[in-house]
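> dropping the sequence and predicted coords here.
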Amino acid sequence: MCGALRASDAGKKAVLMGWVNRRRDLGNLIFVDVRDRSGVTQVVISEEANTAIHDKAELLRNEFVIAAVGTVKLRDSNTINKNIPTGEVELVADELRILNEAKHPPFLPSDTALANEEMRLKYRYIDLRRDAMQFNIELRHKVALAIRDYLASQGFFEIETPFMTRSTPEGARDYLVPSRVQPGTFYALPQSPQLFKQILMISGFDKYFQIVRCFRDEDLRADRQPEFTQIDLEMSYPQPERVWETVEGFLTAAFKAAGHQINAPFPRMDYDEAIRLYGIDKPDLRLPAFAEVRDCFAAPDLQTLAVHPDLPVIAIRIPKVGELSRKERDEIKPMFNSKGGARLFEDFKRIEKNFPEAAKKIQEKCAAAAEDLIVLVSGSAQSGTQDHPASKRKVTPQELAIYASAGLLRVALGQKYSARHGLFLRGDFRFLWVTNFPMFEYDEADKRWVAAHHPFTSPHDDDMDKLESDPAMVRALAYDVVLNGTELGSGSIRIHRQDIQRKIFHALGMTEEEAKSRFGFFLEALEYGTPPHGGIALGLDRIVMILAGAESLREVIPFPKTAAAKDLMVDAPTPVTDAQLRDLGIAVAKK
RNA sequence: GGGGGCGUAGUUCAGCUGGUUAGAACGCCUGCCUGUCACGCAGGAGGCCGCGGUUUCGAGUCCCGUCGCUCCCGCCA
């Protein structure tokens, strides 16, 4: 391998096969860097030693595939290259074969400036030759392998489930696959193997896992691809803690495989607390939490500021930002996405000037240093009281809107000033379990309750009686595992009793008939002796992305899709022939 | 569905207030060069300024539309 030779190999015969990474032609002396996935080694060809090989070496161009046979030679001390692992040796070629020529690639794997996304995706095979991509794909392999090993060692079976399955209108949009044999009917690609893994529990495979592709036809983001890979697992008879231990175990193994030590168990936090402290259900613990500073103001101050006296006033603190110019301060306002009438005070200097006492108390409450940035988010005086169905919750919908607005701004500011506070430096992995999610969320558009996690999640034992009387107050036995502000995975203890499952469907506004037609097979399965069970699924791509220090999932997926869900290399999706459509009994509507 | 950014040589980019022949670096081609390693030196080729329209004496530059890439909001049980 091109990256394997070391000083101890000096004198040995060796064959190097790989790509021409770079050629340095000094006339009668030619150096060729040969590259494969393991690294790069310098091959030397001199006119003096072998004219025929030298002539051939003059023909070499970037990305030619070659084989070089020769002797490993220790380099003279003044020609050692300390920048590469093989820098102490070189291969003196006595045979050189061009295995394949290459057209001039649109960009070179050895280029220092990265080509744009379109180029990289269209010529993905060239992009993947780059060191960074080779590293990421290898990392992904090691992480997946460590997880498999760990779960197998804990008695889990990896069991496959169908890709061609049944469409369910709940949740994300399905990718559909038309049936030829049953014209007019469709399979759906799974959004997750949720029901299959639950049925595996009913089938007696009490510890299941799968590293499995899932499909969701929704709009993309940097951390969302239409097909992605989940580490999916399910177990029978678990307390949530058993699931958490299992996840902590395989994540510890995965991070170790990537060269990082992490500490388990992870801290835990109630959903309500996460919202109150961070304004989001996936808090990034690397940045300071909010401070509630309403009590720092005197009542008349709040009135002067047109701040709602009964809603939270939140101080966001970002450390070590330093003095902001007028221009920089003006950049903060557009970053604020106000929900439910939330208001932003981005100029803390003005608070200091007009309300010096309050400002002082706020700084104390935030434990703010002089260099820290503080902005305030509050409700506006106009925010009226609402008769929202969830208004009895610990965090009311009005409060939630303010917390959420502040939460998004906190993350945005943290990113904008990351170079200044330095808290996002690699290697700081702050895991967290978020628990006790509300069971239902109110869909304002449809005026109905929808499952916050999914409709097979078990309600909290203590809240069973509120399922019908007060759905807003029902907590779910659901949990998310969060890392540095990214939701890595989500799971729950499931419903194993058919009567409760029926109640949930009822609370979701589903009639008996609807439930039966959508999930009849599952309701029936529940009746044949279902053990209590629960599980979780984690995004493998996201884990590897964080470990790779990448900004986008595309960096850790060999063949990803664009933001418009296209594959630029194979040019998919495409129209199909009329004959294919006829076979399937499908007509495409003309626009 | 909505909002922001980008689109100029093979690639990455610069191109000011609209002005005459559109630049740089890397890559590519030719020649020279025996210790380079982002080799060096000399020379050269290479442009539908994404596409279509508009304003103007004149458009890479202004305006409208459109396409592509990207980030965010909505959406993602």
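The structure has been received and is ready for your questions.
> tally of neighbours for whichever residue of the stretch 201-350 of chain A sits closest to RNA strand B?
The nearest approach of the stretch 201-350 of chain A to RNA strand B comes at residue A:219, 3.0 Å away (Cβ to the nearest atom of the strand). Glycine gets a C-beta too; all of them are placed from N, C-alpha and C. Using other Cβ atoms under 10 Å, residue A:219 has 11 other residues around it.
> host element of it?
Here residue A:219, judged by DSSP states H and E, is contained in no helix and no strand.
> show me where the stretch 201-350 of chain A has its strands.
A:207-215, A:227-236, A:268-270, A:291-292, A:313-318, A:343-345 (DSSP state E, counting those that start in this stretch).
> next, count neighbours for the closest residue to RNA strand B within the stretch 351-500 of chain A.
Per Cβ to the nearest atom of the strand, residue A:454 is where the stretch 351-500 of chain A lies closest to RNA strand B, at 3.3 Å. Around residue A:454 there are 19 other residues, counting by other Cβ under 10 Å.
> over to the one 4 residues further on?
The local packing of residue A:458 (other Cβ under 10 Å) involves 23 other residues.
> hang on, isn't it packed against residue A:501?
No. In this structure residue A:458 lies outside contact range of residue A:501 using Cβ atoms under 8 Å: 9.4 Å.
> what do the two both touch?
Here residue A:458 and residue A:501 have residue A:495 as joint contacts, going by Cβ atoms under 8 Å, 6 or more residues apart in numbering.
> the residue of the stretch 201-350 of chain A closest to RNA strand B and residue A:552, how far apart?
Between residue A:219 and residue A:552 the distance is 15 Å, computed by Cβ to Cβ, to the nearest Å.
> again, but for residue A:167
Distance from residue A:167 to residue A:552, counting by Cβ to Cβ: 30 Å.
> and for residue A:504?
Distance from residue A:504 to residue A:552, by Cβ to Cβ: 37 Å.
> these two: which is more packed in?
Counted by other Cβ under 10 Å, residue A:504 and residue A:552 do not tie: residue A:504 has more neighbours, with 23 against 14.
> residues of the helix or strand of chain A with the lowest mean pLDDT that come out buried?
In chain A, no helix or strand scores lower on mean pLDDT, DSSP states H and E than helix A:326-330, which sits at a mean of 79. Of all the residues in helix A:326-330, those buried under the rule 16 or more other Cβ atoms under 10 Å are residue A:329.
> C-alpha coordinates for that helix, PDB please?
Extracted C-alpha coordinates of helix A:326-330, given in PDB (Å, rounded to 0.1, in the frame of the first residue of the first chain):
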ATOM      1  CA  ARG A 326     -22.700  49.400  15.400                       C
ATOM      2  CA  LYS A 327     -22.700  47.300  12.200                       C
ATOM      3  CA  GLU A 328     -22.200  44.100  14.000                       C
ATOM      4  CA  ARG A 329     -24.900  44.900  16.500                       C
ATOM      5  CA  ASP A 330     -27.300  45.600  13.600                       C
END
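> can it be found next to RNA strand B?
No. Residues of helix A:326-330 contacting RNA strand B under Cβ under 7 Å from any atom of the strand: none, with a closest distance of 14.5 Å.
> what segments of the stretch 151-300 of chain A are helices?
Along the stretch 151-300 of chain A, counting by DSSP state H, counting those that start in this stretch, helices occupy A:194-202, A:240-257, A:271-278, A:299-304.
> ok but residue A:517 is inside a helix, no?
Yes. Residue A:517: assigned to a helix according to DSSP: H, G, I helix; E, B strand; the rest coil.
> quickly note the distance from it to residue A:165.
For residue A:517, the distance to residue A:165 - Cβ to Cβ - is 16 Å.
> now swap in residue A:246 and tell me
26 Å.
> more crowded one of these two?
residue A:246 (21 against 17).
> my guess is that one contacts residue A:155. True?
No. Between residue A:246 and residue A:155 there is no contact under Cβ under 8 Å: 10.2 Å.
> now the strands for the stretch 401-550 of chain A?
Counting by DSSP E, counting those that start in this stretch, the strands of the stretch 401-550 of chain A are A:431-435, A:440-443, A:448-451, A:478-483, A:486-493, A:533-539.
> hmm, the residue of the stretch 351-500 of chain A closest to RNA strand B is touching residue A:194, no?
Yes. Contact criterion Cβ under 8 Å: residue A:454 and residue A:194 qualify, at 6.5 Å.
> who in the stretch 301-450 of chain A is up against RNA strand B?
A:337, A:408, A:441, A:450.
> buried set for stretch A:107-115?
Quick answer for stretch A:107-115 (16+ other Cβ under 10 Å): A:107, A:108, A:109, A:110, A:115.
> so which of those residues reach RNA strand B?
Checking those against RNA strand B (Cβ under 7 Å from any atom of the strand), the matches are A:107, A:108, A:115.
> any chance of these in CSV, with pLDDT and secondary structure too?
Below are those laid out as CSV (pLDDT from 0 to 100; DSSP: H, G, I helix; E, B strand; the rest coil):
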residue, pLDDT, secondary structure
A:107, 94, coil
A:108, 95, coil
A:115, 89, coil
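> can you give me the neighbour number for residue A:517?
10.
> residue A:497 too?
When neighbours are counted by other Cβ under 10 Å, residue A:497 registers 13.
> what does residue A:163 give?
16.
> how about the residue in the stretch 51-200 of chain A that RNA strand B sits nearest to, phi and psi?
Nearest to RNA strand B, among the residues of the stretch 51-200 of chain A, is residue A:171, at 2.9 Å (Cβ to the nearest atom of the strand). Main-chain dihedrals, residue A:171, degrees, to the nearest 10: phi 80, psi -150.
> what's the closest non-adjacent residue to it?
Once flanking residues are discounted, residue A:171 sits nearest to residue A:191: 5.9 Å by Cβ to Cβ, 6 or more residues apart in numbering.
> count the residues that sit near the one you found.
Counted by other Cβ under 10 Å, the residues lying close to residue A:191 total 22.
> before we move on, what about the one 10 residues further on?
Using other Cβ under 10 Å as the criterion, residue A:201 is surrounded by 24 other residues.
> OK, contacts around it?
Counting by Cβ under 8 Å, 6+ apart, residue A:201 has contacts A:208, A:234, A:235, A:236, A:530, A:531, A:533.
> can you redo those as a markdown table with neighbour count?
As requested, those are exported to a markdown table (neighbours: other Cβ atoms under 10 Å):
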| residue | neighbour count |
| --- | --- |
| A:208 | 25 |
| A:234 | 29 |
| A:235 | 24 |
| A:236 | 19 |
| A:530 | 19 |
| A:531 | 13 |
| A:533 | 22 |
